[in-house]
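**Student:** what's the 3D shape of this:
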Amino acid sequence: MRPHGGRGGNGFRPVIVFARMDGRELVAAVHAAARRHNLTWEALVPSHDFVDFAHEEAEDRAYAELAASKRALRDHICETYGISIRELASLAMP
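**Tutor:** So this is what the prediction gives:
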């Protein structure tokens, strides 16, 4: 799977170039990817007792896009502030 942006003619989306984004753009990319993943998850699992496997590929792509956008944001934060992923994670804990 690969991250994607706007729709292409073949149903796949072109790759987003995260390296060219600043911090605010990366946060916006994570939010947009999360919204897309939520939509595809709702299509895959429309109720607690039904899974529509026709939407599985789209949900897989959306999940991969969300993971890639989160990774790009984490990398940006760590590089910008000179901290490790472990240090970043420790900031999230009390």
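**Student:** hey, let's count contacts and neighbours off CA atoms from now on
**Tutor:** Fine.
**Student:** give the contact list for I83.
**Tutor:** I77 (C-alpha atoms under 8 Å, 6 or more residues apart in numbering).
**Student:** Dihedrals phi and psi, it?
**Tutor:** Per-residue torsions, I83: phi -120, psi 160 (degrees, to the nearest 10).
**Student:** how far away is the residue positioned nearest the centre of the chain from E59?
**Tutor:** The residue lying closest to the centre of the chain (C-alpha atoms, centre = their mean) is L66, at 1.1 Å. Separation of L66 from E59 (C-alpha to C-alpha, to the nearest Å): 10 Å.
**Student:** list residues touching both of these two?
**Tutor:** H37.
**Student:** and the closest residue to the residue nearest to the centre of the chain other than its chain neighbours, how many residues sit next to it?
**Tutor:** Setting aside the residues directly before and after it, L66 is nearest to A33 in space (C-alpha to C-alpha, 6 or more residues apart in numbering), at 5.0 Å. Using other C-alpha atoms under 10 Å, A33 has 24 neighbouring residues.
**Student:** and if you look at A29?
**Tutor:** Count around A29 with other C-alpha under 10 Å applied: 23.
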